[in-house]
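Student: let me see the structure of the following:
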Amino acid sequence: MRNIKELIDLLENDYNIKIKNIDLIEKALTHTSKEIVEPPYNFERLEFLGDSIINFVVSEKLFKKFKNEKEGFLSKNKSILISKELLSRFAKVLKIDQFIVLGKGEELDGGREKSNILCDAFEAIVAAIFLDSGIRNAKKLINKLIDKFHYETFFDSKTLLQEMTQEKFKSLPIYKIIETTGSEHNKIFKVGVYINNILFGIGTGKSKKEAEKEAAKNSILILKDETEKII
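Tutor: Numbering: from 1, shown residues only. Predicted coordinates for the structure are as follows:
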């Protein structure tokens with residue numbers, strides 16, 4: 001287990017979040033399996049609060065980002081952004097798996113790699129930051145992590161790419177099958193996205209639709225990368 005000061009430094013240097021109450025962070029990193037003299041010194045209560053904060057921040061982000069979308073679209077995509085799988089990935093970015101305090105049994109059982117534990121610890125960290133310095137810093141952390149993972153590509157990548165190309169190039173993307181491999185009943189499609197006759201992203205899949213979605217996602221990443229270089 002690494003020194004908690006490294007996590008404090010990461011939050012301050014990479015996310016511009018200054019931590020005043022280190023005890024809150026320590027509690028947020030203490031799993032319920034750890035035996036403490038004066039319970040409950042663990043992240044259980046913080047996790048409860050953090051879950052609500054994340055729900056609020058993600059809902060607000062989607063509401064502002066997709067101004068013309070209906071409730072169903074917003075709900076579907078919120079469920080992706082607050083999923084255990086994605087929040088545990090955020091925990092890995094913060095290296096929570098290396099800082100979390102586990103009981104001996106949980107340690108031996110591979111607790112540092114369990115997505116449910118990492119997700120809960122991340123929620124607790126968000127709550128600790130909220131209690132320490134307010135909603136602004138909690139939002140700053142969540143939004144930066146979401147943006148770092150190019151969250152738009154988790155949604156309808158073909159629709160998003162179409163919106164981007166219309167705005168940037170005043171044209172629509174064209175999908176072309178580059179190659180088909182495999183037997184008749186086990187085909188693999190390779191599809192390319194062409195914008196103004198220039199090849200951008202390439203995707204593969206067991207169906208043309210799956211390959212097109214992957215190609216669109218990769219094209220979005222290429223366009224975002226090019227934009228960031230210009231900026």
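
Student: please make it C-alpha for all contacts and neighbour counts, starting now.
Tutor: Fine.

Student: domains of this structure?
Tutor: 4-151, 157-230 (automatic domain parsing).

Student: just put these in TSV and tack on mean pLDDT.
Tutor: Shown next, in TSV, are those (pLDDT from 0 to 100):
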stretch	mean pLDDT
domain 4-151	89
domain 157-230	87
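
Student: want to throw those domains into a markdown table with mean neighbour count?
Tutor: Output for the domains of the chain, formatted as a markdown table (neighbours: other CA atoms under 10 Å):
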| stretch | mean neighbour count |
| --- | --- |
| domain 4-151 | 17 |
| domain 157-230 | 17 |
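
Student: element containing the residue of the chain most remote from its centre, please.
Tutor: Most distant from the centre of the chain: Glu184, at 36.9 Å, with distances by CA atoms, centre = their mean. For Glu184, there is no helix or strand it lies in under DSSP states H and E.

Student: what sits against Lys95?
Tutor: Lys95 makes contact with Leu7 under the criterion CA atoms under 8 Å, 6 or more residues apart in numbering.

Student: same thing with Ile8?
Tutor: With contacts defined as CA under 8 Å, 6+ apart, Ile8 is in contact with 18-19.

Student: so how far is Lys61 from it?
Tutor: According to CA to CA, to the nearest Å, Ile8 and Lys61 sit 26 Å apart.

Student: got phi/psi on Val191?
Tutor: The phi/psi pair for Val191 (degrees, to the nearest 10) reads phi -120, psi 140.

Student: now do Thr204
Tutor: phi -130, psi 150.

Student: shouldn't it be in contact with Ala216?
Tutor: No - applying CA atoms under 8 Å as the test, Thr204 and Ala216 come out as separate, 10.8 Å apart.
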